[in-house]
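[1] Fold the stuff below for me.
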Amino acid sequence: MTQIFENPVKQPLLPSSWLIQKDATASYYEVPADGLEEIILVLKALESRLVWLFCTEPATEGSRLWYVFERGETPEFLVLVLKAENPVSIATFYPVASRFERVITDGFGIRFSDSLDNRRLLLHERYPDGFHPVKKSFQNTSLQSVDSWAPYEFQLMGGTSVYQVPVGPVHAGIIEPGHFRFSVIGETILNLEIRLGYLHRGIEKLAEGHVPAFCVAVAESISGDESVSNACCYVMAVERIASTQVPGRAVCLRLLLLELERSYSLLSDLAGMVTDIAFSASASRFLIIREELQRLCERLTGSRFLKGMIIIGGISHDIPDELLREAKDVAIKAVSDLDTVLTWTMTIPSVIDRFATTGVVREPLIDQLSLSGPVARASGSSLDVRISHPYGGYEQYSPVLAQKNNGDVLARFLLKGEEVLSSLKYIIALIPEIPAGQVHTHVDINDGYALSAVESPRGRTLFWVHIQNGQIERYAVSTASFCNWMALEHAVMGNIVPDFPVINKSLNLSYAGTDL
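    Numbering: from 1, shown residues only. You can find the predicted model right below:
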């Protein structure tokens, strides 16, 4: 085979004849099937990370697999495109690929040879064989569940006195469904396997055939507390296809909304962690700050969760300067109040005792499982899409990176506290810089495709959008939670069952954001 990488010391450079598209976010290369393994070996040697694998089924040609890689500190993603003909699993090189491959098998019926795991992931046992809901041939209609079905085969841990402890999928309180199957000796956890898919809603299929403007609301509905992040990620892909320049004021107001969303979402995490160790006095103070921010969100946008603001070409309506000044005052007070609560909470010995050394996510797992967000940064990672792949104003107004190394619940608590303070200070500094002017521009919808990435409160979110004849041809989504759930399976090992709630809350992942 011809030399694939001309200069592997700096960055991978594939033959120019393979290049099918290049934009500010990614370079796309059509790769022959027999060349994938050689490329993968070089990418591994260059410490590139597989961050996503998805499938498309164009009407005029066979299915395609799209492998999305992140390469060191290079802002541009590398996307390898292959025909989906007898694909071979790459999970032995990139373990996270197994989950992506299982989703493709569920959605499209494409099976990967040498797969490490052939079980269904999102589709449960009562779905009929041959049901692949993302295929073009599938039409939304009522389904008759199968009468005869075999139960899901959880991983079994053998040995004397090893017991299975099932938790869920139905939980106490207002919480989404998920099944947690523990293998334990006494109270010590040997293994955890998480089964989701109970909320599978056909999000990607729902968007197909609609005009792009309709699908902003679809993106907002993926996960309620990440509505701005998901909406921004989607509209940026459409705007890239249309070569649209968003007005400067709208760019800055989007940054304001993104950082507000990050702040109130992570404040909920902080409150949840101390709630799960029965420190309700601290939790209530975190929630008071969160409530003040969400009331501010409602005054600014009409929605406590900032819905309805992000549109293709900018934002739906302007925010008056007097409200922006109020937002700055609220942020200044929130910084003072949060700093006080964090300092006080860290003086309580029982908090340190429960958080320290509990639920460790080890640094080598980050690249292997494509972990991102606070989960990864609390374990030594420096990855933050706002910095490593700057977008939508973060190129000019870069945030401060927060980072810890211990990877335990305490590290995640401290890091999330720092991230909220950083976001609030970012807002304070940003507001005086917001220029006057329009907040949206007309967008002529073009045909084409584009990848976009944002840093949501939970980590890296990716959208790939393909528009054909003015309508959505493919709407592919990967939220941070999809990969980060695997961190929880590793974090609980060696801990005791009573520590599971606080470990789980320290990650605070989205069920709905996984069960698309």
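[2] okay, CA-based contacts and neighbour counts for the rest of this
    Will do.
[3] Would you mark the buried spots in the helix or strand harbouring W344?
    Here W344, judged by DSSP states H and E, is contained in helix 321-345. Within helix 321-345, the residues that qualify as buried are 324, 327-328, 330-332, 334-335, 338-339, 341-342, 345, counting by 16 or more other CA atoms under 10 Å.
[4] what's the closest non-adjacent residue to L65?
    C55 (4.6 Å; CA to CA, 6 or more residues apart in numbering).
[5] Next, count neighbours for the one you found.
    Residue crowding around C55 was assessed by other CA atoms under 10 Å; the count is 26.
[6] Who are the contact partners of it?
    63-66, 104, 108 (CA atoms under 8 Å, 6 or more residues apart in numbering).
[7] Just want the angle from the helix ranked longest in the chain to helix 321-345.
    For the chain, the longest helix by residue count, based on DSSP state H, is helix 248-275. For helix 248-275 against helix 321-345, the angle by axes from the mean of the first three to the mean of the last three CA atoms, to 10 degrees is 30 degrees.
[8] Please enumerate residues in contact with the next helix or strand after helix 248-275?
    With elements assigned by DSSP H and E, the helix or strand that comes after helix 248-275 is helix 280-301. Residues from elsewhere that reach helix 280-301 (CA under 8 Å, 6+ apart): 260, 263-264, 267-268, 270-272, 274-275, 303-309, 319, 323-324, 327, 330-331, 334, 337-338, 341, 345.
[9] Setting aside sequence neighbours, what's the nearest residue to Q155?
    The spatially closest residue to Q155, leaving aside those adjacent along the chain, is E193, at 7.2 Å (CA to CA, 6+ apart).
[10] Same question for A242.
    Among residues not flanking A242 along the chain, N446 sits closest, at 5.2 Å (CA to CA, 6+ apart).
[11] Could I get the contacting residues of G359?
    G359 sits in contact with 407-409, 491-493, 495, 503, where contact means CA under 8 Å, 6+ apart.
[12] and with 7 Å instead?
    Contacts for G359 (CA atoms under 7 Å, 6 or more residues apart in numbering) come out as 408-409, 491-492, 495, 503.
[13] go on, V454?
    Counting by CA under 7 Å, 6+ apart, V454 touches 229, 233, 385-386, 460-462.
[14] Neighbours of Q245, how many?
    Using other CA under 10 Å, Q245 has 15 other residues around it.
[15] Pretty sure it sits in a helix.
    No: applying DSSP: H, G, I helix; E, B strand; the rest coil, one finds Q245 to be coil, outside a helix.
[16] Any figure for the gap between it and A217?
    22 Å (CA to CA, to the nearest Å).
[17] Just read off the phi/psi values of R119.
    Reported as degrees, to the nearest 10, the phi and psi values for R119 are phi -70, psi 150.
[18] check contacts around R362.
    Counting by CA under 7 Å, 6+ apart, R362 makes contact with 379, 407.
[19] ok, now S350?
    S350 makes contact with no residue, according to CA under 7 Å, 6+ apart.
[20] That one: helix or strand, and which one exactly?
    helix 349-355.
[21] and if you look at W66?
    strand 64-71.
[22] Quick check: neighbours of that strand in the sheet, parallel or antiparallel?
    strand 48-56 (antiparallel), strand 77-83 (antiparallel) (DSSP bridges).
[23] can you tell which of the ones you listed is closest to D515?
    strand 48-56 (14.9 Å; CA to CA).
[24] roughly how far out does the closest one sit from the chain middle?
    Between the centre of strand 48-56 and the centre of its chain there are 13 Å (CA atoms, centre = their mean, to the nearest Å).
[25] Count the residues that sit near L365.
    L365 has 17 nearby residues by other CA under 10 Å.
[26] And it, what's its pLDDT?
    pLDDT for L365: 95.
[27] do you know how far it is from A491?
    As judged by CA to CA, L365 and A491 stand 10 Å apart.
[28] Can you tell me how far the residue lying farthest from the centre of the chain is from G186?
    Computed with CA atoms, centre = their mean, the residue of the chain farthest from its C-alpha average is T160, at 38.9 Å. Distance of T160 to G186, computed by CA to CA: 11 Å.
[29] quick one: the strands in the chain?
    19-22, 26-30, 48-56, 64-71, 77-83, 163-167, 179-185, 188-195, 310-311, 314-315, 448-456, 459-468, 471-478 (DSSP state E).
[30] The first one pairs with which strands, and in what direction?
    It refers to strand 19-22. Going by DSSP bridges, the partners of strand 19-22 are strand 26-30 (antiparallel).
[31] and the partner strand, C-alpha only, in CSV?
    The C-alpha coordinates for strand 26-30 follow below in CSV (Å, rounded to 0.1, in the frame of the first residue of the first chain):
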residue,chain,number,x,y,z
ALA,A,26,-13.0,18.6,10.0
SER,A,27,-11.2,17.0,7.1
TYR,A,28,-13.0,14.0,5.5
TYR,A,29,-11.2,11.2,3.7
GLU,A,30,-12.7,8.4,1.7
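[32] Show me what the helix holding W344 packs onto, helices and strands only.
    Applying 3 or more CA pairs under 7 Å, 6 or more residues apart in numbering; DSSP states H and E, one finds that helix 321-345 contacts helix 280-301, helix 409-430.
[33] Comparing the ones you listed, which comes out most buried?
    helix 409-430 (a mean of 22; mean count of other CA atoms under 10 Å).
[34] Flag the shaky bits of the chain, pLDDT-wise.
    Applying pLDDT under 70 to the chain flags residues 1-13.
[35] Mind splitting it into its structural domains?
    Domains of the chain are assigned by automatic domain parsing as 1-134, 203-477.
[36] looking at those, which is buried most?
    domain 203-477 (a mean of 20).
[37] so how far is the first residue of it from its last?
    Domain 203-477: ends 9 Å apart by CA to CA.
[38] Could you give the separation of it from the chain centroid?
    With CA atoms, centre = their mean as the basis, domain 203-477 stands 11 Å off its chain's centre.
[39] same deal with stretch 178-195?
    That offset, for stretch 178-195, works out to 24 Å (CA atoms, centre = their mean).
[40] repeat for stretch 48-64
    18 Å.
[41] ditto for stretch 464-481
    15 Å.
[42] again with stretch 101-111
    On CA atoms, centre = their mean, the centre of stretch 101-111 falls 20 Å from that of its chain.
[43] Nearest residue to H200 in space, please, no chain neighbours.
    D515 (4.5 Å).
[44] any idea how far K135 is from that neighbour?
    The span separating D515 from K135 equals 17 Å under the rule CA to CA.
[45] go on, H179?
    The value you get for H179 to K135, if CA to CA is used, is 27 Å.
[46] G393 too?
    36 Å.
[47] Check K425 too.
    K425 is 46 Å from K135, by CA to CA.
[48] and what of M493?
    Separation of M493 from K135 (CA to CA): 38 Å.
[49] F279 now?
    Counting by CA to CA - F279 and K135 are separated by 49 Å.
[50] before we move on, what about R102?
    15 Å.
[51] so S27 touches Q21, yeah?
    Yes: with contacts counted by CA atoms under 7 Å, S27 reaches Q21, the gap being 6.0 Å.
[52] Who are the contact partners of the residue lying closest to T244 once chain neighbours are set aside?
    Distances taken as CA to CA, 6+ apart place V443 nearest to T244, at 6.5 Å, with adjacent residues excluded. Counting by CA under 7 Å, 6+ apart, V443 touches 242, 244, 313.
[53] picking up where we left off before, now render the strands paired with strand 64-71 as a markdown table, adding distance to V146.
    A markdown table is the format used below for these (distance: least, CA to CA, whole Å):
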| stretch | distance to V146 |
| --- | --- |
| strand 48-56 | 27 |
| strand 77-83 | 32 |
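[54] Just read off the phi/psi values of I175.
    Torsion angles, degrees, to the nearest 10, at I175: phi -150, psi 150.
[55] what about it, neighbour count?
    The number of residues packed near I175 is 10, by other CA under 10 Å.
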